[in-house]
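K.L.:
Fold the stuff below for me.
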Amino acid sequence: MSPTAAPKVKTGFRAARKLVESLSPLTDSASDQTTALSGRQGVLPKLSRNVTALGLVSLCMGMSSAMIHGLLPAFLVTVLGVSILFVGLIEGTAEATTSLVKIFSGRLSDGLGRRKALVVVGYGLSALTKLLFPVAETALAILAARTIDRIGKGIRDAPRDALLADVTPSEIRGSGFGLRTALYTIGAVAGPLTAMGLMTLSGDNFRLVFWLAAIPGFVSVAVLVIGVKEAPNNWPADPQGPIATSWRDLWRLNPIYWWAVSVAAILALARCSPAFLLLKASSIGIGPAFVPVILVLMNLVYSASAYPCGVLADMINRRLQLGAGVVLLIGANLVLIFAQTLWLTAFGVALWGLQMGLIQGLLSAVVADASPPRLRGTAFAIYDVAVGIATLIAGIGAGALWVAGGAAATFSAAALLASVAALVLFLRPAPKLVGAAS
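P.N.:
Numbering: from 1, shown residues only. So this is what the prediction gives:
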């Protein structure tokens, strides 16, 4: 080959590669939307190492957070003397803050075409914030710590989920999100168990447990920096510039996406914070050191079911699986209304965990499949904002209902709202698939 021919060949190769890369998102998007609610059959590809690494990151941070959050309601009520209504306000405000930050973080990751840096910043902020809980002396200090912690979560979550979707083929996205959820939930199980053991050994020293909870949080950041690789930017450059996608692009999201957002928001209203599961345990006489066992049980069932249910979502009609999850949520709330014993309460909590396993990974896979790559961070952010606003309303409403009528009033309202979600799901089918958005 002549010296002048080599550069021409290289130039031609680069041009062909760019052409293929520019067409790939279109093909993937069409394929994704076809998969959104139907599932697939045939030979499936393998999960990326990034999925496992992100799952381990979630495991460590989940353990750190659960060690604190499993004890936080009891700490607020018994040590700081906070009312149940204020506990609901703290939980709702924290989760709503998370979602409001996600929309900016998700759009920014789309505009930059890079996800990992934002994920590192978010996990790092949450790890640092864990150091605030053991020194908090007032309810407002706890509120501030929870809010800052959730800001970190808001920064990381949408880019992380978009990164996971970017590196996971649409045929196995249910499995990918299910695996990450399962690993996260293992951390959420290990956290309360560790907290219970430390509370027993330390004589109910809340602050010591909070100090030790920071350790797995910093481990998660180390695993993220070392083990997670940035996904290649395979979508076309934004002609409007490198910052963020235009809000007009939101109209290009598939109707299935907006349907999923609507269903998820109604379900969020029907799911009061897990803090109220802990309060239910306290109300039937379980001591503070062993209240977290309820959170352990819920997350154990959630963890055990999340990955198998994610695999199932890749194989069967997702709408049927979602319907089964909603029915279980109604059943869980009905059990918790009447439960006055440890065993019946535990049964209701187990049903709660099972419906989470059936629904959460599935909804994430639907969002990923129904959104084009360059809008994926924004799509997850909007989804999370809708869920966060509903969670805020649910947290405040659940607290007010608990003050007015106790556990029965709170879980009755939750069962009613879950029934509304069931009606929407069965009487208003998902929209028909439309053409792919680039």
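K.L.:
any low-confidence regions in the protein?
P.N.:
Low-confidence segments of the chain, defined by pLDDT under 70: 1-44, 91-92, 95-96, 99, 233-252, 289, 428-438.
K.L.:
helices or strands next to the helix or strand containing residue 295 in the packing?
P.N.:
Using DSSP states H and E, residue 295 sits in helix 292-313. Here helix 292-313 touches helix 49-69, helix 173-202, helix 275-283, helix 318-338, helix 342-369, going by 3 or more C-beta pairs under 8 Å, 6 or more residues apart in numbering; DSSP states H and E. C-beta coordinates here come from the backbone N, C-alpha and C atoms, glycine included.
K.L.:
now those helices in TSV, with mean neighbour count and distance to residue 423?
P.N.:
Formatted as TSV, these follow (neighbours: other C-beta atoms under 10 Å; distance: least, C-beta to C-beta, whole Å):
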stretch	mean neighbour count	distance to residue 423
helix 49-69	24	32
helix 173-202	24	25
helix 275-283	23	24
helix 318-338	20	10
helix 342-369	24	16
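K.L.:
Those helices: which one's closest to residue 224?
P.N.:
helix 49-69 (4.7 Å; C-beta to C-beta).
K.L.:
orientation of the closest one relative to helix 275-283 in degrees?
P.N.:
40 degrees (axes from the mean of the first three to the mean of the last three C-alpha atoms, to 10 degrees).
K.L.:
Convert helix 49-69 to PDB, retaining C-alpha atoms only.
P.N.:
What follows is helix 49-69, C-alpha atoms only, in PDB (Å, rounded to 0.1, in the frame of the first residue of the first chain):
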ATOM      1  CA  ARG A  49     -19.200  -5.800  34.200                       C
ATOM      2  CA  ASN A  50     -20.400  -2.200  34.800                       C
ATOM      3  CA  VAL A  51     -23.800  -3.600  35.900                       C
ATOM      4  CA  THR A  52     -22.200  -5.700  38.600                       C
ATOM      5  CA  ALA A  53     -19.900  -2.900  39.600                       C
ATOM      6  CA  LEU A  54     -22.800  -0.500  39.900                       C
ATOM      7  CA  GLY A  55     -24.700  -3.100  41.900                       C
ATOM      8  CA  LEU A  56     -21.800  -3.400  44.300                       C
ATOM      9  CA  VAL A  57     -21.600   0.400  44.700                       C
ATOM     10  CA  SER A  58     -25.300   0.400  45.400                       C
ATOM     11  CA  LEU A  59     -24.800  -2.500  47.900                       C
ATOM     12  CA  CYS A  60     -22.300  -0.500  50.000                       C
ATOM     13  CA  MET A  61     -24.200   2.800  50.000                       C
ATOM     14  CA  GLY A  62     -27.400   0.900  50.600                       C
ATOM     15  CA  MET A  63     -25.800  -0.700  53.700                       C
ATOM     16  CA  SER A  64     -24.600   2.700  54.900                       C
ATOM     17  CA  SER A  65     -27.900   4.400  54.500                       C
ATOM     18  CA  ALA A  66     -29.900   1.500  56.000                       C
ATOM     19  CA  MET A  67     -27.800   1.400  59.100                       C
ATOM     20  CA  ILE A  68     -28.900   5.000  59.700                       C
ATOM     21  CA  HIS A  69     -32.400   5.100  58.300                       C
END
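K.L.:
can you start the count at 7 instead of 1 from here on
P.N.:
Renumbered: residue one is now 7, and that last one reads helix 55-75.
K.L.:
what's that helix packed up against?
P.N.:
By 3+ C-beta pairs under 8 Å, 6+ apart, helix 55-75 packs against helix 122-135, helix 145-172, helix 179-208, helix 212-233, helix 298-319.
K.L.:
and the nearest residue to residue 363 once chain neighbours are set aside, how many neighbours?
P.N.:
Sequence neighbours aside, residue 311 is the residue nearest to residue 363 in space, at 3.0 Å (criterion: C-beta to C-beta, 6 or more residues apart in numbering). By other C-beta atoms under 10 Å, 24 other residues sit near residue 311.
K.L.:
same check, this time on the one 4 residues further on
P.N.:
Using other C-beta under 10 Å, residue 315 has 27 other residues around it.
K.L.:
now the helices and strands packed on helix 55-75 as a markdown table including distance to residue 77?
P.N.:
As requested, the helices and strands packed on helix 55-75 are exported to a markdown table (distance: least, C-beta to C-beta, whole Å):
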| stretch | distance to residue 77 |
| --- | --- |
| helix 122-135 | 16 |
| helix 145-172 | 12 |
| helix 179-208 | 6 |
| helix 212-233 | 6 |
| helix 298-319 | 7 |
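K.L.:
Could you say which one of those comes nearest to residue 69?
P.N.:
Across the helices and strands packed on helix 55-75 (criterion: C-beta to C-beta), the nearest stretch is helix 179-208, sitting at 3.7 Å.
K.L.:
Now do that closest one against helix 55-75, angle only.
P.N.:
Going by the same axes, to 10 degrees, helix 179-208 makes 30 degrees with helix 55-75.
K.L.:
I'd like to know which elements helix 179-208 is packed against.
P.N.:
Against helix 179-208 (3+ C-beta pairs under 8 Å, 6+ apart) you get helix 55-75, helix 145-172, helix 212-233, helix 298-319, helix 348-375.
K.L.:
among these, which is nearest residue 332?
P.N.:
Of all those, helix 348-375 comes closest under C-beta to C-beta, at 7.4 Å.
K.L.:
roughly how far apart are the residue nearest to residue 184 when sequence neighbours are not counted and residue 191?
P.N.:
In space, and not counting its chain neighbours, residue 184 is closest to residue 316: 1.8 Å by C-beta to C-beta, 6+ apart. As defined by C-beta to C-beta, to the nearest Å, residue 316 lies at a distance of 12 Å from residue 191.
K.L.:
which ones are touching the residue nearest to residue 184?
P.N.:
Listed by C-beta atoms under 8 Å, 6 or more residues apart in numbering, the contact partners of residue 316 are 180, 181, 182, 183, 184, 185, 187, 188, 367, 368, 371.
K.L.:
Any idea how many residues pack against the nearest residue to residue 130 once chain neighbours are set aside?
P.N.:
Distances taken as C-beta to C-beta, 6+ apart place residue 227 nearest to residue 130, at 5.3 Å, with adjacent residues excluded. By the criterion of other C-beta under 10 Å, residue 227 has 21 neighbours.
K.L.:
Next: residue 119.
P.N.:
18.
K.L.:
Over to residue 141?
P.N.:
Using other C-beta under 10 Å, residue 141 has 11 neighbouring residues.
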